[in-house]
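how would this look folded up:
(4 chains)
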There are 2 protein chains.
Amino acid sequence: MTVGDAVGTTQPRLAQAAIADDIGLLVAKLHAAGSVVNNRALADVDLRERSYSVLRLACSGLEPTQRELAEFLSLDPSQIVALVDGLEQRGLVEREQGRADRRQKIVRATAAGERIHAQAEAAVRASEREQLAALDDDEVATLRSLLRRALRS
Amino acid sequence: MTVGDAVGTTQPRLAQAAIADDIGLLVAKLHAAGSVVNNRALADVDLRERSYSVLRLACSGLEPTQRELAEFLSLDPSQIVALVDGLEQRGLVEREQGRADRRQKIVRATAAGERIHAQAEAAVRASEREQLAALDDDEVATLRSLLRRALRS
DNA sequence: ATGGATCATTGAAAATGTCAACGATTGTTT
DNA sequence: AAACAATCGTTGACATTTTCAATGATCCAT
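The predicted structure is shown next:
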C-alpha cells in the first residue's frame, strides 16, 4: 500500500496476484464492463446488446438466416428465436422464408428498424470510444486485430 | 456449438458485416469461447471458471476478503458468498475472521485447495495457450497489456 | 420413397446477474 | 458515552442468460 497508488483510481490490492494477468479474466472483466456501458447507451432506444447485434446484422443487407446469426454471435439458436421475436413484435425486423431453403428464415430490418439502428449505432460507437479512452487509435486497431485473429483458431 | 470447436470452421458469410469490427462483439465472442474451453478444462477437477478464480486468489497469499474478491472479479458480493460456500464445503478454502475488522472474512486456501489449484492452473494454462494459438508470445503480451490498460478507465 | 440430416421452435433446467433487505460491527459526531 | 450513519457478509427474491433435449417441417442422398 505504500508505493504506487495514484490518487483517483484506487488500484485494488489484489492486482498484485498472478491471476491479474490471466487473459481469460481480463476478457471477462472487459466484457462485463462493456456490457454495462453498452446496455446503458442502448436503453434510450430500448435495446440491449444482444438485440442490437441482431438488428445490426438485419440491417447489413446480407440477409442473414437465424442459424447464421446464431453461429456468428456465438449464441444458441433458441436465443436467436427470442431476440428476433422481440424485434419483430416491435416492428423493427421481419422474418422472410428462405428462398433456396424453406426451412430457414431470413431476418431483415424494416424501415423503422433501420431508423432505430442508426440511433443505436451512434450511441454504441460513442460509448465504445469512451470505454477505450485509455487507448489511442492505433492501439485500438491493434486490439481489434489481435482479438479477431485470436478468434480464428 | 459455441465458438471453441476449431476444426473446419468455414469463415461465416456474415464476417463481411461492419459489426464484425465491433470491439464489444469481439470481446464477447472471445469471452464466450474462452469460458467454454476453460470450463471444459476445469471439469476434471470439478471447478468452474468462477470458483477457480476465487480459489486462485485464495492461494495467492494476499489474504483477500470477500469484498475484495467481489470488486476484483467484478461480481456481486452475494455471488462470492455462494462461490466460497461451495469451495468451503469441499474443504478447499476456509473463512477466517478479519483481524483488523471483525466484519470481514478472509478467504484462504487449505492444503487440499492448493493441490487442486495446482492441477487446475496447469489445465487452464494449457487451454488458454491453445485458444490463443494463432498469436505468438509477443502478441499475447501485447494483447494482455492492451486489455489491462483498457480496463483502467 | 425412405432415411438421415438440418432448420426454426419450444420448453425445461441450470447458471448468472441484480437488487433490497438484515444483523453484526465499525467509524464518526455529538 | 450515546446516537448515528456506513460497511461487511449474508439471505432471499427475482429477472436474465445459458445449456440442452426434443419436435415438426423441410432438404438431401441414396
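
Leaving out the residues flanking it, which one is nearest to A:E71?
Leaving out its chain neighbours, the residue that sits closest to A:E71 by Cβ to Cβ, 6 or more residues apart in numbering or on different chains is B:P12, at 5.7 Å. Every C-beta, even on glycine, is put in place using the N, C-alpha and C of the backbone.

what about that neighbour, neighbour count?
14 (other Cβ atoms under 10 Å in any protein chain shown).

how close does it sit to A:L87?
20 Å (Cβ to Cβ, to the nearest Å).

A:L14 too?
Applying Cβ to Cβ to A:L14 and A:L87 gives a distance of 41 Å.

again, but for A:V93
A:V93 is 4 Å from A:L87, by Cβ to Cβ.

Who has more neighbours out of those two?
A:V93 (28 against 24).

follow-up on the earlier one: return every residue with contacts to both of A:V93 and A:L87.
Counting by Cβ atoms under 8 Å, 6 or more residues apart in numbering or on different chains, the contacts common to A:V93 and A:L87 are A:V54, A:L55, A:A58, A:G113.

Quick check: the third one touching A:P64?
Meaning A:A58. Yes. Using Cβ atoms under 8 Å, A:A58 is in contact with A:P64, at 7.0 Å.

Tell me how many other residues surround A:K29.
The number of residues near A:K29, taken as other Cβ under 10 Å, comes to 21.

Quick one: mean pLDDT for the one helix or strand it maps to?
In this assignment (DSSP states H and E), A:K29 forms part of helix A:23-42. What helix A:23-42 shows for mean pLDDT is 91.

what do you get for stretch A:55-66?
95.

Can you tell me what sits against it?
The contact list for stretch A:55-66 (Cβ under 8 Å, 6+ apart) reads A:47, A:69, A:72-73, A:77, A:80-81, A:84, A:87, A:92-93, A:98, A:104-109, A:113-114, A:116-117, A:120-121, B:13-14, B:16-19.

buried set for that stretch?
Neighbour-count burial for stretch A:55-66 flags A:L55, A:R56, A:L57, A:A58, A:C59, A:S60, A:L62, A:P64, A:T65, A:Q66 (criterion: 16 or more other Cβ atoms under 10 Å in any protein chain shown).

okay if I get those residues as a markdown table plus distance to DNA strand D?
Below are these laid out as a markdown table (distance: Cβ to the nearest atom of the strand, whole Å):
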| residue | distance to DNA strand D |
| --- | --- |
| A:L55 | 14 |
| A:R56 | 16 |
| A:L57 | 16 |
| A:A58 | 18 |
| A:C59 | 20 |
| A:S60 | 21 |
| A:L62 | 20 |
| A:P64 | 18 |
| A:T65 | 12 |
| A:Q66 | 11 |
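
if I pick A:L135, what's in contact with it?
With Cβ under 8 Å, 6+ apart, A:L135 has these contacts: A:L143, B:L146, B:R149, B:A150.

you'd agree A:R95 is in a helix?
No. Counting by DSSP: H, G, I helix; E, B strand; the rest coil, A:R95 is not found in a helix; it is strand.

what's the closest residue to it other than its chain neighbours sitting at in phi/psi?
Leaving aside its chain neighbours, A:R95 sits nearest to A:K105 (4.4 Å; criterion: Cβ to Cβ, 6+ apart). Torsion angles at A:K105 (phi, psi; degrees, to the nearest 10) stand at phi -120, psi 130.

burial of A:K105, as a residue count?
19.

can you pull the contacts of it?
A:K105 neighbours (Cβ under 8 Å, 6+ apart): A:T65, A:Q66, A:V84, A:R95, A:E96, A:Q97, A:G98.

quick one: which of the residues you listed is nearest B:L42?
B:L42 has its nearest neighbour among those in A:Q66, at 31.5 Å by Cβ to Cβ.

related to what we said a few turns ago, give the buried subset of the contacts of A:L135 as a ChimeraX selection command.
Per 16+ other Cβ under 10 Å, the buried members of these correspond to this ChimeraX selection:
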select /A:143 /B:146,150
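
Tell me the one among the contacts of A:L135 nearest to A:V37.
B:A150 (11.8 Å).

Please state the offset of the host helix or strand of that closest one from the chain centre?
Element membership of B:A150 [criterion: DSSP H and E] is helix B:137-151. The chain centroid and the centroid of helix B:137-151 are separated by 16 Å under Cα atoms, centre = their mean, to the nearest Å.

which residues in chain A form helices?
A:23-42, A:49-58, A:66-73, A:77-89, A:111-131, A:137-151 (DSSP state H).

Buried residues, the helix or strand of chain A with the lowest mean pLDDT. List them.
Every helix and strand of chain A was ranked by mean pLDDT, DSSP states H and E. The lowest is helix A:23-42, at a mean of 91. For helix A:23-42, burial by neighbour count (16+ other Cβ under 10 Å) applies to A:23-31, A:33-35, A:37-39, A:41-42.
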